[in-house]
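Trainee: Sequence plus the predicted model coming up.
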Amino acid sequence: SLGCFYFILKIVQKAKPRDYVAAGITLGLGIGAKFESLLMLPIFLLGHLLANRRIALKKLAYFFIGNIPFILLNFPMLFIDLNAYLALFQHEFSLTTTNYPLHLLGRPIWWWFLNVHLPQGLGIPLFVASILGFIISFIMTKQNKNYLFIPLLPIVFLVTIDFWQQFHFARYALLTLPFYMLGAAVCIDWMTSYIKNKQQQHLFVCMALFALSWVSLIRVVKFNTLILQPDTRHSSKEWIEENIPSGSTVLVETALKPEYQANLNTPLTLDKKSIIERIQTAYAYGYPATYLKALLKVNKNTIGYKIIPTQRVNLVRDLVSDISTPVNDASYWADKKVEYLVLSSWTSLPDVNAEFKKSILEYYDLIKEFTPHPEFSEDPHFVQMDYQVLDSVDIFSKRQIFGPKILIHKLKKDLHEKTKQSIDIPSSTIFYMI
């Protein structure tokens with residue numbers, strides 16, 4: 001996106017065909033990396049209109065000559081099956097625009113980014129300097145049109161996000177961060193212009209850069225230090241493979257499908273027998289099972305388990321419809337002969353209610369617990385960073401352990417013996433393959 005921005009500025013200055021082609025190529029690459037790069041398109045169109053004072057279709061054609069081939073290279077499915085890809089895109093888009101997360105309390109997504117995430121992520125001093133820089137940029141537009149484009153992407157992002165996204169995932173703002181930095185640079189440059197002495201100017205710039213970046217710099221150092229420490233997910237995987245027999249039936253909370261290792265929980269591997277069952281089910285639904293057949297070769301000599309995937313322990317997931325339905329208590333999993341429950345504190349939905357947690361202890365024994373230090377309430381990579389917890393990190397302490405809190409429960413012995421005598425139900429009748 002920054003590459004596209006650079007060529008937009010060159011287009012505003014001279015509107016050369018090669019800059020149009022370069023803007024198209026860089027935007028195509030940006031879209032391939034992240035769909036949000038599409039937000040640069042209206043900014044490009046504004047630059048084009050300012051440069052030409054008319055539609056100028058011939059010059060627009062140069063842009064698409066560079067843009068379209070690189071989009072197609074990034075998305076070969078557009079060649080293979082356009083309708084299937086568009087249907088998948090529409091399905092994914094509908095999932096992200098259904099309802100607001102409960103903890104936004106009805107506030108729009110842009111409000112959270114502008115009032116919570118960006119000030120916390122950048123640090124208050126840097127955020128304030130950025131906003132002042134945006135205001136100065138609008139004022140400076142009379143002297144130089146290029147200043148107009150510095151605040152545009154953050155504005156387009158905040159104005160449009162409520163239409164294309166209903167989740168406050170912190171990573172979505174990553175695209176806009178360089179422009180906040182440019183805004184802060186404009187602010188510093190404007191303040192420096194009032195200092196006549198060159199040496200004093202250099203000293204002021206150094207002091208301003210240090211003061212504005214100090215908060216975010218310290219947080220970056222703390223977080224990087226933390227993620228280099230042992231991770232509860234890795235530790236729990238090692239413990240399970242050493243202590244739980246291969247082939248056991250294990251529910252893994254936050255796993256999307258049994259063949260996909262959980263990101264927010266212990267990344268267990270599917271066993272050979274289960275993969276074969278999944279391949280057969282895929283064939284029954286008319287799918288070639290290409291991924292599963294490759295997985296069978298990769299997992300040939302590894303420790304694997306019969307994995308039951310679910311978003312959280314009080315939901316049962318239908319793998320055909322992707323719909324999860326609630327279950328009353330943990331007896332559901334005991335009746336299905338699920339021997340182990342691997343639970344993660346980094347679930348994407350609100351916590352399981354107290355009654356369900358109580359029922360878990362009625363049917364299962366807690367046999368192992370992996371506790372991080374400090375403990376984040378949710379995945380800081382995925383949803384949002386808890387800066388209060390991050391600020392508590394001591395980079396010199398040896399106690400840090402990253403990851404979610406992971407609890408491993410085992411079906412009570414008397415229930416386990418009882419279920420051994422019951423009729424086994426094939427997994428393919430319970431969990432289906434898309």
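Mentor: Noted; the coordinates are in hand.
Trainee: in the stretch 201-350 of the chain, which ranges drop under the pLDDT threshold?
Mentor: Low-confidence segments of the stretch 201-350 of the chain (pLDDT under 70): 348-350.
Trainee: Just the strands from it, written as ranges.
Mentor: Remark: strands assigned in the stretch 201-350 of the chain by DSSP state E, counting those that start in this stretch are 249-253, 306-310, 315-318, 323-326, 340-344.
Trainee: mind giving me JSON lines with those and columns for distance to residue 287 and mean neighbour count?
Mentor: Any C-beta I mention is one placed from the backbone N, CA and C, and that applies to glycine too. As requested, those are exported to JSON lines (distance: least, CB to CB, whole Å; neighbours: other CB atoms under 10 Å):
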{"stretch": "strand 249-253", "distance to residue 287": "23", "mean neighbour count": "24"}
{"stretch": "strand 306-310", "distance to residue 287": "18", "mean neighbour count": "22"}
{"stretch": "strand 315-318", "distance to residue 287": "16", "mean neighbour count": "17"}
{"stretch": "strand 323-326", "distance to residue 287": "19", "mean neighbour count": "12"}
{"stretch": "strand 340-344", "distance to residue 287": "28", "mean neighbour count": "25"}
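Trainee: Can I get those in a markdown table including distance to residue 237?
Mentor: Compiled in a markdown table, those are given as follows (distance: least, CB to CB, whole Å):
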| stretch | distance to residue 237 |
| --- | --- |
| strand 249-253 | 11 |
| strand 306-310 | 13 |
| strand 315-318 | 22 |
| strand 323-326 | 24 |
| strand 340-344 | 10 |
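Trainee: these two touch, right, residue 380 and residue 386?
Mentor: Yes - here residue 380 reaches residue 386: they are 6.6 Å apart, a contact under CB atoms under 8 Å.
Trainee: Which one's more surrounded, the two?
Mentor: Remark: of residue 380 and residue 386, residue 380 carries more neighbours, 19 against 16, as counted by other CB atoms under 10 Å.
Trainee: Wait, a strand at the more buried one?
Mentor: No - counting by DSSP: H, G, I helix; E, B strand; the rest coil, residue 380 falls outside a strand, being coil.
Trainee: With respect to residue 205, which of the strands of the stretch 201-350 of the chain lies nearest?
Mentor: Nearest to residue 205, of all the strands of the stretch 201-350 of the chain, is strand 340-344, at 46.0 Å by CB to CB.
Trainee: Apart from its neighbours in sequence, what residue is nearest the residue nearest the centre of the chain?
Mentor: The structure's the chain has its C-alpha centroid closest to residue 382; by CA atoms, centre = their mean the separation is 4.2 Å. The shortest distance from residue 382 to any non-neighbouring residue, by CB to CB, 6 or more residues apart in numbering, is to residue 169 (6.7 Å).
Trainee: so that neighbour makes contact with residue 385?
Mentor: No - the pair residue 169 / residue 385 is not scored as a contact, 11.3 Å apart, by CB under 8 Å.
Trainee: Where do the helices of the stretch 1-150 of the chain begin and end?
Mentor: 2-14, 17-33, 40-52, 57-74, 77-80, 82-96, 109-112, 118-122, 124-140 (DSSP state H, counting those that start in this stretch).
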